[in-house]
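**Student:** no FASTA, just this:
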């Protein structure tokens, strides 16, 4: 077997359409709403799609697997019009439509009106992409039975299969002794709104009640990348430590 890798140039203008799909306050969120595609699809420019077609020219594939809904515009680069069409597979490890709807509801609950509107618009855009592209895939993979039922009902696709998310659990490693204190570990992207909300609830509301109930010291380690300003404020709470942008998370699991 041979292996071939093609690296595509991703030249995206630094404008509102290229802004993050989960922008922070102060970004020009109004510019995202008229942008016709999901923000994560901003790399699928005509130049990049043409580069993908050129990279695949003359190559035949038995199967094409695309990861996430925002990459489906690249499908024609791998699936030519001639005979011998490859099997097409789409991995929806996240139901983007429902995720954006739930993000919109979270921002609305937190009083973040502009972010809520932006996420609601993203949900609509993903629904349009889904309606236009999902039928072109022979099989669709999701990570849970709930997602399978919802995606199949929403799209009518007859081949939605569950492939659960997996993780390789590291071997136990000895860690430093901490006496009688209880250690809680929170690992995740610390700039992602649901994680910021969850960590805030954990540290500001759950932690004091837990300490009072078990009458022991409880410490929390928040581990992850690019912490939001609201999350950084949690470090001022007793027993809460933030470990930002660490190279490896395994040592924290070991402890």
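**Tutor:** Nice, I can see it. Just so it is clear, the model here is predicted, and its values are computed rather than measured.
**Student:** all contacts plus neighbour counts: C-alpha atoms, from now on.
**Tutor:** Fine.
**Student:** just checking, residue 39 touches residue 123?
**Tutor:** No. If you go by Cα atoms under 8 Å, residue 39 and residue 123 don't touch, sitting 10.8 Å apart.
**Student:** helices or strands next to the longest helix seen in the chain in the packing?
**Tutor:** Longest helix in the chain by number of residues (criterion: DSSP state H): helix 113-133. Applying 3 or more Cα pairs under 8 Å, 6 or more residues apart in numbering; DSSP states H and E, one finds that helix 113-133 contacts helix 96-109.
**Student:** run the last query once more with 10 Å
**Tutor:** helix 96-109, helix 145-155 (3 or more Cα pairs under 10 Å, 6 or more residues apart in numbering; DSSP states H and E).
**Student:** what mean pLDDT does the next helix or strand after the last one get?
**Tutor:** From helix 145-155 onward toward the C-terminus, using DSSP states H and E, the following helix or strand is strand 160-162. Here strand 160-162 scores 97 as its mean pLDDT.
**Student:** off-centre distance for strand 160-162?
**Tutor:** Here strand 160-162 is found 19 Å from its chain centre; the criterion is Cα atoms, centre = their mean, to the nearest Å.
**Student:** other residues contacting that strand?
**Tutor:** For strand 160-162, contacts defined as Cα atoms under 10 Å, 6 or more residues apart in numbering pick out 90-93, 138-149, 151-152.
**Student:** quick one: strands adjacent to it?
**Tutor:** The strands beside strand 160-162 in its sheet (DSSP bridges) come out as strand 139-142 (parallel).
**Student:** phi, psi of residue 94?
**Tutor:** Main-chain dihedrals, residue 94, degrees, to the nearest 10: phi -140, psi 130.
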